[in-house]
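Asks: let me see the structure of the following:
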Amino acid sequence: MLGRYPVAACTVTPAAAATTVAAAAIAAILGWGEWVNWRASRRLLGDLPPVVGGSEAVVVLGFRNRGRRANYINRYRVRAALRSLDPAARESVVVFCGGGVASTEPEAELMSRYARRALGYRGPQRLDRASRSTWQNIENAASLIEAFDVVKIVSNPVHAEKARGYLWRQRPDLAARLVRARDYRFGELVLVKPIAAAIGLWRLRGLGNRADD
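Replies: Model prediction:
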């Protein structure tokens with residue numbers, strides 16, 4: 001029966017092969033970015049038992065921002081901070097960190113304004129308007145969060161891991177209160193994650209360098 005029908009040869013053109021290889025490479029890069037960010041969101045956390053119904057401070061780290069409107073990355077960080085708030089907490093405060101690194105207006109002000117005007121946040125907040133690096137973000141935030149039972153640091157996950165490392169170096173008593181924020185979500189910022197992961201891993205090599213961003 002088979003002999004009655006011509007059998008077409010199955011060939012793969014160079015263009016199709018190149019497309020397949022490129023698609024596989026892109027998938028691998030995106031998957032790597034997801035994995036690195038997922039892993040970072042779970043590292044350098046505190047070692048104290050979780051406090052249920054206690055008070056919490058959510059620290060949001062600013063990103064270099066030009067102009068008078070929160071940029072894409074800062075808007076994402078504010079959204080991640082607000083979804084990290086625990087509705088069961090007795091008291092919650094959001095601490096926005098960042099000076100005017102790329103403009104005259106502090107990143108903390110831009111993020112605070114976005115949280116209030118665009119997202120409708122009406123809860124307590126504190127602002128660090130002076131810091132110009134991640135080290136200073138943590139250094140300046142420490143005095144604003146030391147009265148709280150639980151501390152969450154929000155940024156892109158690899159950057160947040162670095163900031164948690166800085167808190168361990170500066171204030172291990174506060175670092176012991178660190179718990180996971182909700183700054184990692186599968187598929188969110190999928191194209192940004194590999195870039196942020198590569199930059200973040202490079203900068204994590206200098207975890208003890210105060211001048212590092």
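Asks: with Asn65 as the reference, measure out to the spatially most central residue of the chain.
Replies: Closest residue to the average C-alpha location of the chain: Asn156 at 1.9 Å, with Cα atoms, centre = their mean. Asn156 is 14 Å from Asn65, where distance means Cβ to Cβ, to the nearest Å. No exception for glycine: its C-beta is placed from N, CA and C like everyone else's.
Asks: now the residue nearest to the centre of the chain, nearest residue through space, not along the chain?
Replies: Ala196 (4.5 Å; Cβ to Cβ, 6 or more residues apart in numbering).
Asks: do Tyr184 as well
Replies: That would be Ser41: by Cβ to Cβ, 6+ apart, it lies 3.8 Å from Tyr184.
Asks: what are the buried residues along the helix or strand harbouring Ala16?
Replies: Using DSSP states H and E, Ala16 sits within helix 14-40. Buried residues in helix 14-40, counting neighbours by 16 or more other Cβ atoms under 10 Å, are found at 29, 33-34, 36-37, 40.
Asks: which strands and helices lie in contact with it?
Replies: helix 157-170, helix 192-204 (3 or more Cβ pairs under 8 Å, 6 or more residues apart in numbering; DSSP states H and E).
Asks: quick one, what contacts the residue nearest to the centre of the chain?
Replies: Residues near Asn156 by Cβ atoms under 8 Å, 6 or more residues apart in numbering: 37, 73, 77, 183, 189, 192-193, 196, 200.
Asks: what subset of those is buried?
Replies: 37, 73, 77, 183, 189, 193, 196, 200.
Asks: tell me the SS of the third one?
Replies: So the one you mean is Arg77. Judged by DSSP: H, G, I helix; E, B strand; the rest coil, the three-state class of Arg77 is helix.
Asks: double-check it against His159; I have them as touching.
Replies: No. At 9.3 Å, Arg77 does not count as touching His159 under the criterion of Cβ atoms under 8 Å.
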